[in-house]
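Enquirer: Fold the following for me, if possible:
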Amino acid sequence: MAVTVENLEKLERKITLSLPVASIQTEVDSRLKRLARTVKMDGFRPGKVPMSVVAQRYGYSVQYEVMNDKVGEAFAQAANEANLRVAGQPRITEKDGAPEGEVSFDAVFEVFPEVKIGDLKTAEVEKVSAEVDDAAIDKTLDILRKQRRTFAQRAKDAGAEDGDRVTVDFEGKIDGETFSGGKAEDFQFLVGEGQMLKEFEDAVRGLKSGESKTFPLAFPEDYHGKDVAGKTADFLVTVKKIEAAHLPEVNEQFAKSLGIADGTVDGLRGDIRTNLEREVKFRLQARNKQAVMDALVSKAELDLPNASVQAEIGRLRESALADLKQRGIKDADKAEIPEDVFRPQAERRVRLGLVVAELVKANKLEASPEQLKAHIDELAASYEKPEDVVRWYFSDRNRLADVEAVVIENNVTNFVLETAKVNDKNISFDELMGAQA
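Expert: I've put the predicted structure just below:
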């Protein structure tokens, strides 16, 4: 059929579709006849319901289905003949003044944009690198030791120190009234590890078993308990027990307890190094990928299809509501979250998706089967039974699709880093891991 496409605004287009009424009615009659063979109605045997009764009961719904199907088929054919890449679902409305024997519809829709990517040779990308040094291994060993520490009660005349586990009773009041969550008995925490607010830890530090202390505590403005955020409470704390921590020595016994095959300290440090290097590699990839994507967005020119942005906003909103529900927020699925909260992120995701797709298509950066297998093997390597993890990925098409998306992004990242102006920067292990150096 001849297709006329009318350009509206930017990416918006309109096609007028005309369908012969006779073909619609023929399909309606055909479906009603098929329905009559199986429909069950009171007073009639199956397959013996008169067509007039079937048409009266189901005619409207069948006609609605046929019309939707026919219009959908006509739109798909028209878009295909006009070589249009349709973004989202068309808005279809019936049109007045159709020729006799025909019914006409206007289909208004958006198309995907032309993506123009500038000269990537002029793009500047900061590429970071980092190494696993002995200090990083030592720090990890300290964490492993703390996870396996034991506690023994201190002498009665010993004050609480950092690292000790204390058992306390406390009560806090605001304007003379105890508040929710402000009172507890036999409460345990580790001094100096940030489990309690600083004023609380400072008050307990140095106290001996059986001693009490009163002190003011100012809750931060952003404190998670909204009822007390920004307010000052008067606390009374009584120390009931103080236990000193004992950290295990880093020796062969410690190495064996962690499942090191040869049971040596060198083997333990080597295992830690391997795991940290794997983590460093993934973090470097993520950080450098982000820098590449920022450079790509800055070099690309395109209009965003609103349909795609709205769909992405919907996905982000659903994800946010699911997160609230998982946190136990009451009636989380009914929370009213304005679209504008998600719009900047949604627009960036859509823009980036279109730019990456264009770059992949133009430079053949699709993920190869070998790359997929290598990436999955790497993901599985940190598990006790890697072969089970590999099978888990390959047993589900959606999981494979997620891996494929990551591999494609890695291909794009490598392509841009090979093309752009790269500024190499070495950073510390702590900076990469987001810790204080």
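
Enquirer: so where's the longest helix in the chain?
Expert: In terms of residue count, the longest helix belonging to the chain (DSSP state H) is helix 265-299.

Enquirer: so what does the helix or strand following it touch, helix or strand wise?
Expert: Counting by DSSP states H and E, the next helix or strand C-terminal to helix 265-299 is strand 300-301. Packing contacts for strand 300-301, counted by 3 or more C-beta pairs under 8 Å, 6 or more residues apart in numbering; DSSP states H and E, involve strand 116-117. (Glycine included, C-beta is placed from N, CA and C.)

Enquirer: three-state assignment of residue 19?
Expert: strand (DSSP: H, G, I helix; E, B strand; the rest coil).

Enquirer: burial of it, as a residue count?
Expert: Residue 19 has 17 neighbours, counted by other C-beta atoms under 10 Å.

Enquirer: right, and it touches residue 102 too?
Expert: Yes: Residue 19 is within contact range of residue 102, at 6.5 Å (criterion: C-beta atoms under 8 Å).

Enquirer: Wait, residue 423 touches residue 129, no?
Expert: No: assessed by C-beta under 8 Å, residue 423 is found out of contact with residue 129, at 11.5 Å.

Enquirer: what packs against the longest helix of the chain?
Expert: Short answer (3+ C-beta pairs under 8 Å, 6+ apart): helix 265-299 packs on strand 124-129, helix 134-147, helix 252-257, helix 343-363, helix 397-419, helix 429-433.

Enquirer: Now do the fifth one: distance to the chain's middle.
Expert: Put simply, helix 397-419 sits 17 Å off its chain's centre (C-alpha atoms, centre = their mean, to the nearest Å).

Enquirer: How about the contacts made by the nearest residue to residue 190 once chain neighbours are set aside?
Expert: For residue 190, ignoring the flanking residues on the chain, the nearest one in space by C-beta to C-beta, 6 or more residues apart in numbering is residue 165 at 5.5 Å. By C-beta atoms under 8 Å, 6 or more residues apart in numbering, the contact set of residue 165 is 151, 188, 189, 190, 191, 242, 243, 245.

Enquirer: Buried subset of those, written for ChimeraX?
Expert: Buried subset of the contacts of residue 165, written as a ChimeraX selection, criterion 16 or more other C-beta atoms under 10 Å:
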select :151,189,190,191,242,243,245
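
Enquirer: Residue 232 - how many residues pack around it?
Expert: 13.

Enquirer: now residue 176
Expert: 6.

Enquirer: swap in residue 350?
Expert: Neighbours of residue 350 (other C-beta under 10 Å): 22.

Enquirer: Make sure it is actually in contact with residue 303.
Expert: No: Residue 350 lies out of contact with residue 303 (C-beta under 8 Å); the separation is 10.7 Å.
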